[in-house]
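S.K.: coords below, sequence missing:
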């Protein structure tokens with residue numbers, strides 16, 4: 001039985017992960033098209049994904065992005081510096097869900113939750129320079145690029161720039 005819906009949008013729902021989601025998570029975390037844009041380097045085992053589900057809400061909230069009840073990705077909001085009121089959002093979608101607006105809607109829902117329910121003052125995000133789609137998602141939601149960490153991450157045999165984005169509660173519309 002799938003986990004309950006936590007936040008409901010127009011085209012997507014964000015629900016808690018459940019044991020039945022392990023195969024979906026493992027399959028996609030091993031897909032290079034998903035793994036590369038988020039910087040995951042090792043193979044994901046069944047036990048890795050079971051552990052992710054078990055710890056999904058320890059330092060924030062981790063949810064599945066679902067369309068018509070079926071998972072198409074994940075999104076999370078983790079506390080970076082809780083005492084300072086700062087959190088970080090991160091997400092990935094399956095390739096067949098790219099370009100449909102699901103990541104934008106999911107990010108918007110979770111950012112609103114972060115500001116309104118968790119009382120965060122700032123939410124940050126990071127995206128690799130080559131991940132133009134993710135950078136567009138953040139900008140559509142209202143994030144502002146705050147800087148570039150030059151050759152910060154090692155992805156697929158090369159060092160790549162990481163763009164940092166931020167959004168303040170009083171800037172969010």
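M.R.: That came in fine, so what should we check first? Note that this is a predicted model, so its numbers are computed, not measured. Residues are numbered from 1 along each chain as shown.

S.K.: state the distance from residue 72 to residue 103.
M.R.: 9 Å (CB to CB, to the nearest Å). All C-beta atoms are positioned from the backbone trio N, CA, C, and that covers glycine.

S.K.: ranges for the helices of the protein?
M.R.: 22-29, 32-38, 46-54, 102-116, 132-141 (DSSP state H).

S.K.: any idea how far residue 7 is from residue 124?
M.R.: 20 Å.

S.K.: and residue 50, by the same measure?
M.R.: For residue 50, the distance to residue 124 - CB to CB - is 29 Å.

S.K.: any common contacting residues for residue 72 and residue 103?
M.R.: 65, 93, 97 (CB atoms under 8 Å, 6 or more residues apart in numbering).

S.K.: quick one: residues contacting the closest residue in space to the first one that isn't next to it in sequence.
M.R.: Okay, so that is residue 65. Leaving out its chain neighbours, the residue that sits closest to residue 65 by CB to CB, 6 or more residues apart in numbering is residue 73, at 4.3 Å. Residues in contact with residue 73 (CB under 8 Å, 6+ apart) are 28, 64, 65, 91, 92, 93, 94, 97, 102, 103, 106.

S.K.: compare those and tell me which is most surrounded.
M.R.: residue 106 (29 neighbours; other CB atoms under 10 Å).

S.K.: now do the contacts for that one.
M.R.: With the criterion set at CB under 8 Å, 6+ apart, residue 106 makes contact with 9, 12, 14, 65, 73, 75, 91.
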